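**Student:** One predicted model, sequence on top.
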Amino acid sequence: MKAISVQEIESTVAELCRKANLRLPPDVIERIQKAGEEELSPVGREVLDQILQNAQRAEQTGVSLCQDGGVTIVFAEIGQDVHIVGGMFEDAVNAGIQQGYQSAHLRGSILDSPFHGKNTGFNAPGVIHTKMVLGDQLRLRVMPKGGGADNMSQLKMLVPAEGIDGVRKFVLDVVEQAGPNACPPLIVGVGIGGTFDSVGQLAKHALLREVGTSNPDVAKFERELLEEINNLGIGPMGLGGTITALAVHVETHPLHMASLPVAVNLQCHSARVQTAVL
Ligand SMILES: O=C(O)C[C@H](O)C(=O)O
């Protein structure tokens, strides 16, 4: 049994929030660089170059990658042999979000209620997903999820007879309808299976994967979808081009024989995720 204090959790989440908002992960940078070599449109190449310059400046100056620090999504894998001491896990995470956003001067985007619309200040509360795992470690992953791209995401309960072709059509429709609004080039997270409530989480979870790595069970489907999305011609920031998406990540879950839930969670090019293990 390992004891982990709420103070450690709070300061770790704070640091992850700061890092995530100021630093584009190396896998994302590499994929954008490669996209710059592949993009056929000169305007598209210019946009990709500006995205890379923006990432460099954010790291050098401490000004956030994007004005939108998003909803702070925290994925926690909690080892069964971990004992959290000194308070409530969720309170510690939310205090960490507040500390991180405040100290790095990041915009608070969270309203207390759809009815009152009062900014809570410093971006708390976040959305927290927890999973019990083996071991005595706590793995924390922070994803600031921008509002613009999340707004263009969609979920649909397909009829099973629509099959995988129906899924393919739905994913393409979602990307096409999003057009420039989700700030392409995108990472397209797709969840298939489970239930109405779980499939959205599956699609969001797919975005955590290292950009461009494939799910061996559906690698061909992911490759085909990426090609079809890039053939839509939306291009970087919607200005036309051959790179609309950097990657398609698909996750599946067993499902009821009468259902075919699909969720498409769009991630803008500012694909920010940072991880720490306690
Ligand atoms: O809230 C914002 O700053 C903007 C939003 O993320 C957007 O993409 O339009």
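**Tutor:** Perfect, thanks for sending it.
**Student:** Gln60 - how many residues pack around it?
**Tutor:** The number of residues packed near Gln60 is 9, by other Cβ atoms under 10 Å. Bear in mind the C-beta positions are built from the backbone N, C-alpha and C, glycine included.
**Student:** which SSE is it in?
**Tutor:** Assigned by DSSP states H and E, Gln60 falls within helix 42-61.
**Student:** Tell me which stretches of the stretch 1-150 of the chain form strands.
**Tutor:** Applying DSSP state E, counting those that start in this stretch to the stretch 1-150 of the chain gives strands spanning 2-5, 71-79, 82-85, 127-133, 138-145.
**Student:** what's the longest one packed up against?
**Tutor:** Applying 3 or more Cβ pairs under 8 Å, 6 or more residues apart in numbering; DSSP states H and E, one finds that strand 71-79 contacts helix 89-103, strand 127-133, strand 138-145.
**Student:** would you turn the ones you listed into a markdown table with mean pLDDT, distance to the ligand and mean neighbour count?
**Tutor:** As requested, the helices and strands packed on strand 71-79 are exported to a markdown table (pLDDT from 0 to 100; distance: least, Cβ to the nearest ligand atom, whole Å; neighbours: other Cβ atoms under 10 Å):
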| stretch | mean pLDDT | distance to the ligand | mean neighbour count |
| --- | --- | --- | --- |
| helix 89-103 | 97 | 14 | 22 |
| strand 127-133 | 97 | 16 | 13 |
| strand 138-145 | 98 | 9 | 23 |
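**Student:** List the beta-bridge partners for the closest residue to Phe75 other than its chain neighbours.
**Tutor:** Distances taken as Cβ to Cβ, 6 or more residues apart in numbering place Arg141 nearest to Phe75, at 4.3 Å, with adjacent residues excluded. Judged by DSSP bridges, the bridge partners of Arg141 are Phe75, Thr275.
**Student:** and what of the one 4 residues further on?
**Tutor:** Assessed by DSSP bridges, Lys145 has beta-bridge partners Val71.
**Student:** Might one say that it is in contact with Val71?
**Tutor:** Yes - between Lys145 and Val71 a contact is recorded at 5.1 Å, counting by Cβ atoms under 8 Å.
**Student:** residues contacting whichever residue of the stretch 101-250 of the chain sits closest to the ligand?
**Tutor:** The minimum distance from the stretch 101-250 of the chain to the ligand, using Cβ to the nearest ligand atom, falls at Gly148 (1.9 Å). By Cβ atoms under 8 Å, 6 or more residues apart in numbering, Gly148 lies in contact with Asp68, Asn181, Ala182, Cys183, Cys268.
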